[in-house]
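Peer 1: requesting a structural model of the entry that follows:
(2 chains)
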Amino acid sequence: MPQIRMLADKVRLVSEPADKFKTGCVSVSMALPMDERMAANSLLVYLLKRSCKAYPELSLLSGRLDELYGAVLGAGVSKNGEAQVLTLSITSLADKFALEGESIQLEAAQLLADVIFKPNVKNGSFGEESLAMEKRLLIQRIEEEMNDKRTYAFNKCISYMCQNEAYGKDKYGTVEEIENVKMADVYDAWKNLLSTAVFQITVVGAADADKVASVFEKHFEKIERKPAGIETVFIQRGRRFNHFEEKFPVNQGKLVMGFRAGMQHRRDNIFAMTVMNDIFGMGTYSKLFMNIREKMSLAYYCWSRLVASKGIVLVESGIDTDKERKVSAEVLSQLSDLRNGKTDPEVLESSKRALREKHTFTTPEGILGWYSAQVTCDEIITPDEMVSGIEQVTMDDVCAAAKKLSIDTIFMLSAQEEAENEV
Amino acid sequence: MKFKKYTDKMLGETVYCGKHSSGLEIRVLPKEGYSSAYAVFGVKYGSIDTAVKNASGEFETIPEGTAHFLEHKLFESEDLNAFERFAKTGASANAYTSFEKTAYLFKGSDKIEESLEILLDFVQNPYFTQQTVEKEQGIIGQEIRMYQDLPDWQVMFNMLKALYSNHPVRIDIAGTQDSIAQIDADLLYKLYNNFYNPGNMVLSIVGDIDHKKVAEIVEKNIKKTEGAECERKFEKENPVPVQDYIEEKLSVAQKQFMLGFKEDISEPLLSLEDEIASQIMLEAITGKSSPLFKKLLDEELIDMGFGAELFNGFGFSCVMLGGTSKDPEKASAIIKEEFARLNEQGIDSAAFERAKRKLYGRMVMSYNDIDDTANLLMNLYFNGYEPFAEIEACKGVTLEKAQVRLSKIKDEYSALSVISPIS
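Peer 2: Residues are numbered from 1 along each chain as shown, chains lettered A, B, ... in the order given. Next up, the predicted model:
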């Protein structure tokens, strides 16, 4: 069971210590509304990651991490419901492996806090050169989202489906917004982050939660907190059927089908939804794997994914472009079977067993991921509570959950007639 | 069955190594406090095995992609397929094929012994028919198409094609649409019987299981008791690449590159010490704390994804560096200059120490993960090393050794692979 304590207003520390791990991980998740600050926030998190007062250059900070036995400093931006979540984290070796008796864990936690609270700022500036570089890197990152067509198509389907909701926006903000960010905006984003973001500090493995708490508490004492309210819009039913297509010079097309899951909040009917989605298209016993891949030989992959934080389900598959109708019709026909109880009862048991395994985390990163994803939730649920809930799900619950799915948007990334990739 | 015990006190881990009378090698690392286990059953048969030795001792050519095709097909059987069987224990099962091996695996926390029996059983019981082979040609055909659209994958394979004229490391792991069309059930049985014998295999398990139990299960489930390790033919390659530049146009946002340096080897395998010395040397010269990284980043020639690694196996060894760049040729020239400069002036000793400490830390960290550890033990065995040999080798690497490894990197043995956007 995790320990939970509050360090300040909406600053929660969740910890699950375990001696069996050779590392300690601390992650700081910072949730903000998806508003006009998104682009500045994104730039900010990467600026924070590259240096701090004590190590004012990327090469110096990287060198410090190497000295800490290859500690890994991570930074990222994600969407969690309609919150933009900035994450900074550090993973480092347990103290017992230090060659000179130093406390790697404490130094790593302090370094992480320094990166967030004591950045390399002079007179309200992170340095024009650093900002210019991070702008270039972030814009490149966004432009390169097209390189991986699978992820690109997945995100594109969401952006079409949720075009009138905040969730339809790119997690980083747009290229144009990033180009227009000024130094004062980034500095303001930093001040705003410290006072208004909803924080969760998650501590797992060999890290000492008390020490981590006291490191962070000190910093929050000096900050006047005014946490922002974060709300996510849940749309119950899909609009009438929408179809979008983009053509690219590729070998394989990507089909993504977006469904509304009929949820009113992220934990609404969550146990049945989780099992339903698993039977629909997650496991190797699932309807999509068994039929689209194994029986019809149409695809190498065809999965469904439940995004509970937004109440949507997405089905994705890599297929020949001319098979789009055949595959999408089969996906809907499988969904219809699922709704109508045409599922082997043994599959329900297989699904429960597999889901129990999926919630048995074997790495500190896995545990960390489970808890930090709950940054915006008032109540923390444990993997065991999730498993207990899943155990109670019946086939009727699964059918009822499947009946709540309604198709909203189909996005097809099609292969142009002639792919000209010749070596 | 007798086991030999290897303990690393610093790490706090013990590995039991045994050899079953059938010739099967076994590695078991029981992990305290873990409720899951990960098992991998590996065969020394990968994509580089494009020839088999016949009765008269000559090597006969086989189609490209057979190891991978067999990997897919072994999951099938006359009644319940392997996935259906694992669904009853809840374990998640998978398999992968690499250049030098095929590996079948599962991970689970419940009914571990039963899952282990299924793993051993399904890999030992092939079942192929013309119909199931044809079905798989469709699925693998889609898998090949998917990889053809992945720039990260293509940039590397194109580089290998440019570097190597004969060595099969230059071919795609899954083969081609044409080569897999040549595969039929008879050929699969023939290759199966050639490679899948206990003397050519290893079983590696990490987690909540003990070696005596593993021995019992192996004793009961291993059928064949004959056969030996399969021989590979080593043909020394001319170190000069086929071509020094290769370019492909794909649907990408920016140019991507990979610069490869082929090593002139006279023995098929590098020593583990050489391998690790190269990793440390590359980290010291190209890591985020290095002057080279800073220069490339400042000149906008790379992004944060830039990295370098040694890539080696039976009969091949090369250093590869790459990432996204607006000017791959300029980036390559700067990298080559830096290698030349450090060949003359010597690697900075502080940078070397930092890189070594980082690698040591990362090696210890990897023992957190039962998946990584089981695969590591398998790989060490296939390359002729005992457990923990990598940590010992890391401790023993000197600056001089790293310097020697740097001297093997030669401009005249290099090739540049570029993926550029379709305009």
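
Peer 1: from here on, just use CA atoms for contacts and neighbour counts.
Peer 2: OK.

Peer 1: contacts for the helix or strand hosting residue A:371, please.
Peer 2: In this assignment (DSSP states H and E), residue A:371 forms part of helix A:364-372. Applying CA atoms under 8 Å, 6 or more residues apart in numbering or on different chains, the external contacts of helix A:364-372 come out as A:14, A:21, A:23-25, A:27, A:29, A:200-205, A:361, A:380, A:382-383.

Peer 1: run a quick check on residue A:314 versus residue A:277, I expect a contact.
Peer 2: No. Counting by CA atoms under 8 Å, residue A:314 stays clear of residue A:277, with 9.6 Å between them.

Peer 1: joint contacts of the two?
Peer 2: Joint contacts of residue A:314 and residue A:277 (CA under 8 Å, 6+ apart) are A:304-306.

Peer 1: ok, now how distant is the closest residue to residue B:65 other than its chain neighbours from residue B:120?
Peer 2: Leaving aside its sequence neighbours, residue B:65 sits nearest to residue B:175 (CA to CA, 6 or more residues apart in numbering or on different chains; 3.9 Å). Distance, residue B:175 to residue B:120, using CA to CA, to the nearest Å: 27 Å.

Peer 1: and residue A:93, by the same measure?
Peer 2: Distance from residue A:93 to residue B:120, by CA to CA: 35 Å.

Peer 1: before we move on, back to that, SS state for the residue nearest to residue B:65?
Peer 2: Secondary structure, DSSP: H, G, I helix; E, B strand; the rest coil: residue B:175 is coil.

Peer 1: returning to that earlier point: neighbour-wise, which of residue A:93 and residue B:120 wins?
Peer 2: Higher neighbour count among residue A:93 and residue B:120: residue A:93, with 28 against 20, using other CA atoms under 10 Å in any protein chain shown.

Peer 1: quick check on that one: phi, psi?
Peer 2: phi -70, psi 150 (degrees, to the nearest 10).

Peer 1: can you give me the pLDDT of it?
Peer 2: Residue A:93 is assigned a predicted lDDT (pLDDT) of 97.

Peer 1: pretty sure residue A:128 sits against residue A:183.
Peer 2: Yes. Between residue A:128 and residue A:183 there is a contact under CA under 8 Å: 7.4 Å.

Peer 1: out of those two, which sits in the busier spot?
Peer 2: Taking neighbours as other CA under 10 Å, residue A:128 and residue A:183 compare with residue A:183 leading, 18 against 11.

Peer 1: pull the contacting residues for that one.
Peer 2: A:124-126, A:128, A:131.

Peer 1: before we move on, back to that, ChimeraX command to pick out the buried ones of the contacts of helix A:364-372?
Peer 2: To isolate the buried ones among the contacts of helix A:364-372 in ChimeraX, judged by 16 or more other CA atoms under 10 Å in any protein chain shown, type:
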select /A:14,21,23,24,25,27,29,200,201,202,203,204,205,361,380,383
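
Peer 1: the residue nearest to residue A:292 when sequence neighbours are not counted: neighbour count?
Peer 2: Ranked by CA to CA, 6+ apart and with sequence neighbours excluded, the top spatial neighbour of residue A:292 is residue A:298, at 5.7 Å. Here the number of neighbours of residue A:298 (other CA under 10 Å) works out to 23.

Peer 1: let's see the pLDDT reported for residue A:298.
Peer 2: Confidence score, pLDDT, at residue A:298: 93.

Peer 1: domain assignment for the chain?
Peer 2: Since no chain was named, I'll use chain A. Chain A breaks down by automatic domain parsing into domains covering A:3-221, A:242-415.

Peer 1: actually it's chain B I care about, not the one you picked
Peer 2: If you go by automatic domain parsing, chain B breaks into B:3-221, B:245-421.

Peer 1: could those go into JSON lines alongside mean pLDDT?
Peer 2: Putting these into JSON lines (pLDDT from 0 to 100) gives the following:
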{"stretch": "domain B:3-221", "mean pLDDT": "95"}
{"stretch": "domain B:245-421", "mean pLDDT": "97"}
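
Peer 1: how about these in TSV, adding distance to residue A:118?
Peer 2: Shown next, in TSV, are the domains of chain B (distance: least, CA to CA, whole Å):
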stretch	distance to residue A:118
domain B:3-221	35
domain B:245-421	21
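
Peer 1: looking at those, which is closest to residue A:57?
Peer 2: Among those, the nearest to residue A:57 by CA to CA is domain B:245-421 (9.4 Å).

Peer 1: what's the span of the closest one, first residue to last?
Peer 2: End-to-end distance (CA to CA), domain B:245-421: 17 Å.

Peer 1: then stretch A:72-86?
Peer 2: 17 Å.

Peer 1: now the residue nearest the centre of chain B: how far from residue B:47?
Peer 2: In chain B, the centroid-proximal residue (CA atoms, centre = their mean) is residue B:98; its distance is 5.3 Å. Going from residue B:98 to residue B:47 by CA to CA gives 6 Å.

Peer 1: anything in contact with each of these two?
Peer 2: Listed contacts common to residue B:98 and residue B:47 are residue B:173; contacts here mean CA under 8 Å, 6+ apart.

Peer 1: any figure for the gap between residue B:349 and chain A?
Peer 2: 13 Å (CA to the nearest CA, to the nearest Å).

Peer 1: now stretch A:161-171, how far from the centre of its chain.
Peer 2: 15 Å (CA atoms, centre = their mean, to the nearest Å).

Peer 1: give the rounded mean pLDDT of that stretch.
Peer 2: The model assigns stretch A:161-171 a mean pLDDT of 96.

Peer 1: buried ones in that stretch, by neighbour count?
Peer 2: The neighbour-count check on stretch A:161-171 (16+ other CA under 10 Å) flags A:161-162, A:166-171 as buried.

Peer 1: with stretch A:363-379 instead?
Peer 2: By neighbour count on 16+ other CA under 10 Å, the buried set for stretch A:363-379 is A:363-365, A:367-368, A:370-372, A:374-376.

Peer 1: tell me which two of these sit farthest apart.
Peer 2: Maximum distance among these (CA to CA): 23.1 Å, for A:363 and A:376.

Peer 1: what parts of the stretch 251-400 of chain A come near chain B?
Peer 2: By the criterion of CA under 8 Å from any CA of the partner chain, the positions of the stretch 251-400 of chain A lying close to chain B are A:251-252, A:284-285, A:293-294, A:297-300, A:318-320, A:350-351, A:353-354, A:356-357, A:360, A:362-363.

Peer 1: out of those, which are inside helices?
Peer 2: The helices, defined by DSSP state H, take in A:350-351, A:353-354, A:356-357 from those.

Peer 1: can you pick out the most distant pair from these?
Peer 2: Farthest apart among these by CA to CA are A:350 and A:357. That separation is 10.7 Å.

Peer 1: okay, those two: which has more neighbours?
Peer 2: Higher neighbour count among residue A:350 and residue A:357: residue A:350, with 25 against 21, using other CA under 10 Å.

Peer 1: just checking, that one touches residue B:91?
Peer 2: No. Contact criterion CA under 8 Å: residue A:350 and residue B:91 do not qualify, at 9.6 Å.

Peer 1: so the residue of the stretch 151-300 of chain B at minimum distance from chain A: helix, strand or coil?
Peer 2: Distances between the stretch 151-300 of chain B and chain A by CA to the nearest CA are smallest at residue B:289, namely 3.9 Å. Classification of residue B:289 by three-state DSSP places it in coil.

Peer 1: quick one: contacts for the nearest residue to it once chain neighbours are set aside?
Peer 2: Closest residue to residue B:289 apart from its sequence neighbours, by CA to CA, 6+ apart: residue A:59 at 3.9 Å. Neighbouring residues of residue A:59 by CA under 8 Å, 6+ apart: B:288-291, B:294.
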